[in-house]
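**Q** my questions are about this predicted structure, shown below with the sequence.
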Amino acid sequence: MPELAVIIPAYNSIKTISATLARFAAARAALPQAALLLVDDGSSDGTAGAAKRAAEKLGLDLRVLPHEKNRGYGAAQKTGFKAALGLGCRAIVLLHSDGQYAPEELPVMVKPLLDGSADMCAGSRLLSGRARAEGMPLARYLANGWLTALENKVFGLNFAEYHSGYMAYAPAALHAIKFETLTDKFHFDGEMLLCAGKLGLRVAQVPVSANYGPGTSSLSPLPYLAEVAGVMIRYLKRGYFFQ
């Protein structure tokens, strides 16, 4: 039985998935036995085939979980979570297919879960103090900090960042959070963090680096901002049930 499940949501990631898997393969010596689950979210560019070929060359045991059509970033995580919970792992961690979050930092992300000191771990680029130097665009850096401050005020919480995709969970956290009721879109991670805070789960926050090179995040800012606003409005209307 693997101690760790690594979930890779992927949509049209053929240009980046092989390099991401190679970096994971290089980092796996510092990890416990891990199950590697790639959720192919309706890709049309052959992402799943490229991932399988790369995994075979690297000696990785990769399981592909296909969606027949594109259902969204949050929906891909939900599929991965359900599969991982069925494996009986002690920790479940998200790894983006585009290489924006470093596979080399996986040991740091899962350590608080494996040693029992946290129920959830959130990686933050803002905590590192290196986000701008590593190429985070100024507009995104300022928007991230401003939105996080606003969300903390609205939610009555004190997290360093709601807009990172480097997240790890103990199974107990996924059982406590009604994740199936959350968005299928991009702000799924922020909703998970909100729910964890309101449920009183132990959330470790660790600094992580980020790569903003070609081929990384293509997130459209205006739809994402609308999503974040919708989460805050839903919360103020008591649209979340935490018990």
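**A** Looks like it came in fine. In this text the structure is predicted, and so the values were computed from the model without any measurement. Residues are numbered from 1 along each chain as shown.

**Q** residues of whatever helix or strand residue 228 lives in that come out buried?
**A** According to DSSP states H and E, residue 228 maps onto helix 221-236. Across helix 221-236, burial judged by 16 or more other CB atoms under 10 Å covers 224, 227-228, 231-232, 235. In this view, the C-beta of every residue, glycine as well, is placed from N, C-alpha and C.

**Q** stretch 24-37 too?
**A** Along stretch 24-37, these residues count as buried under the neighbour rule (16+ other CB under 10 Å): 24-25, 28, 31, 34-37.

**Q** max-length helix in the protein?
**A** If you go by DSSP state H, the chain has its longest helix at helix 138-155.

**Q** other residues contacting that helix?
**A** Helix 138-155 is contacted from outside by 125-126, 131-132, 136, 157-163, 190, 194, 197-198, 221, 225, 228, 231-232, 235-236, using CB atoms under 8 Å, 6 or more residues apart in numbering.

**Q** and if you look at stretch 118-131?
**A** 93, 101, 105, 108-113, 134, 136, 141, 144-145, 148, 159-161, 164, 166-170, 172-173, 176, 192-193, 196, 201-210.

**Q** related to what we said a few turns ago, quick check: angle from the helix holding residue 228 to helix 138-155?
**A** 10 degrees (axes from the mean of the first three to the mean of the last three CA atoms, to 10 degrees).

**Q** flag the least confident of the buried residues of helix 221-236.
**A** Least confident of those in the model: residue 224, at 91.

**Q** just to revisit the earlier point, which other helices and strands does the helix holding residue 228 contact?
**A** helix 138-155, helix 188-199 (3 or more CB pairs under 8 Å, 6 or more residues apart in numbering; DSSP states H and E).

**Q** and the strands in the chain?
**A** Assigned by DSSP state E, the chain shows strands spanning 4-10, 34-41, 62-67, 91-94, 120-124, 167-169, 203-207.

**Q** buried deepest among the ones you listed, which one?
**A** For the strands of the chain, average neighbour numbers computed from mean count of other CB atoms under 10 Å are highest in strand 167-169, which has a mean of 29.

**Q** same for that strand, what does it pack against?
**A** strand 91-94, helix 106-114, strand 120-124, helix 188-199.

**Q** sorry, back to before: between the helix holding residue 228 and helix 188-199, how many degrees?
**A** Computed by the same axes, to 10 degrees, the angle separating helix 221-236 from helix 188-199 equals 20 degrees.
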